[in-house]
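[1] Build me a model:
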Amino acid sequence: MEHTRTLLVVLAVLSSFVLGCGEQGASSPTQATPMPSSSGEQVTVDDSVSASERTPTPAPVASVSPERGAGLAAPPPELLAVDGLRLRRLALSRSVESREPVDPSVEFQSEAAPLFAFVDVANETDNPAEVVVTFESPSGRSVGHVTLGVPASSPRWRTWARSHMITEPGSWTAVVRTVDGSLLGRMEFTVHG
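    Numbering: from 1, shown residues only. Coordinates of the predicted model:
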């Protein structure tokens, strides 16, 4: 009897997760005015759903591909909630296609290609909000500084920032903050020369 009850609970959790992964209410990405060349730019996608379509789903565990060459799993990004904003996922990649990061990683070669910080955030408040994405270099220099808008009452808002300024070899950190500077999340990554 206890085994059956446990199995039912596990199935219920898994089914709610699978049902919550569908693409409901997605719209086309809209390109914002590019930021100065040293900062990057913003692209935003609305994945919010109407109130009648909302199904509470557990936040997916942030997945990061294993570090290349090391054979070890990278530490997951730090994901936090502040004042009704909740960072659901943070991933880094060299491109974004179909509103998802392509081959997310924590290991990148130093090259002129842009690096994307893909952000999935929930705004549980009745007011629009903004988050700021920066990339902190090994020398302490901060680049990116891209402000991304998050509409009010959005259970899932996927957006991303990119920068061409991430070329210095070493350990970097992608950081997501509220506009007042409160930490929402961070993720360490490495750039190889």
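[2] hang on, residue 187 in a strand?
    Yes - judged by DSSP: H, G, I helix; E, B strand; the rest coil, residue 187 forms part of a strand.
[3] Pull up the gap between it and residue 151, please.
    24 Å (C-beta to C-beta, to the nearest Å). Placement of C-beta: from N, CA and C, glycine included.
[4] Between the two, tell me which one has more neighbours.
    residue 187 (23 against 13; other C-beta atoms under 10 Å).
[5] Just confirm the more buried one contacts residue 78, I think it does.
    Yes - Residue 187 sits in contact with residue 78 when judged by C-beta atoms under 8 Å, with a separation of 7.2 Å.
[6] where does the residue nearest to residue 84 when sequence neighbours are not counted land on pLDDT?
    Distances taken as C-beta to C-beta, 6 or more residues apart in numbering place residue 125 nearest to residue 84, at 3.7 Å, with adjacent residues excluded. According to the prediction, residue 125 has pLDDT 96.
[7] now swap in residue 7 and tell me
    For residue 7, the pLDDT comes out at 42.
[8] Determine how far the last residue of stretch 135-152 lies from the first.
    Using C-alpha to C-alpha, to the nearest Å, the end-to-end distance of stretch 135-152 comes out at 26 Å.
[9] Ignore what I typed, I meant stretch 117-128.
    Terminal residues of stretch 117-128 are spaced 21 Å apart (C-alpha to C-alpha).
[10] Kindly report the same for stretch 95-105.
    Span of stretch 95-105 from end to end, C-alpha to C-alpha: 11 Å.
[11] per-residue confidence averaged over that stretch?
    In the prediction, stretch 95-105 has an average pLDDT of 95.
[12] for it, which positions count as buried?
    By neighbour count on 16 or more other C-beta atoms under 10 Å, the buried set for stretch 95-105 is 96, 99, 101, 104, 105.
[13] do stretch 130-146 as well
    131, 132, 133, 134, 135, 136, 137, 143, 144, 145, 146.
[14] That one: end-to-end distance?
    Terminal residues of stretch 130-146 lie 10 Å apart, using C-alpha to C-alpha.
[15] residues in contact with that stretch?
    35, 38-42, 85, 87, 115, 117, 119, 121, 147-150, 161-163, 165-166, 168-179, 184 (C-beta atoms under 8 Å, 6 or more residues apart in numbering).
[16] need the helix or strand of the protein with the lowest average pLDDT.
    strand 30-31 (a mean of 32; mean pLDDT, DSSP states H and E).
[17] just to revisit the earlier point, which strand or helix spans the residue nearest to residue 84?
    Counting by DSSP states H and E, no helix or strand carries residue 125.
[18] just residue 176 next, same as before
    Going by DSSP H and E, residue 176 is in strand 170-178.
[19] Tell me which strands that strand pairs with, and in which orientation.
    Neighbouring strands of strand 170-178 in its sheet, by DSSP bridges, are strand 129-136 (antiparallel), strand 183-192 (antiparallel).
[20] The ones you listed: which one's closest to residue 91?
    Nearest to residue 91 among those is strand 183-192 (7.9 Å), distances taken as C-beta to C-beta.
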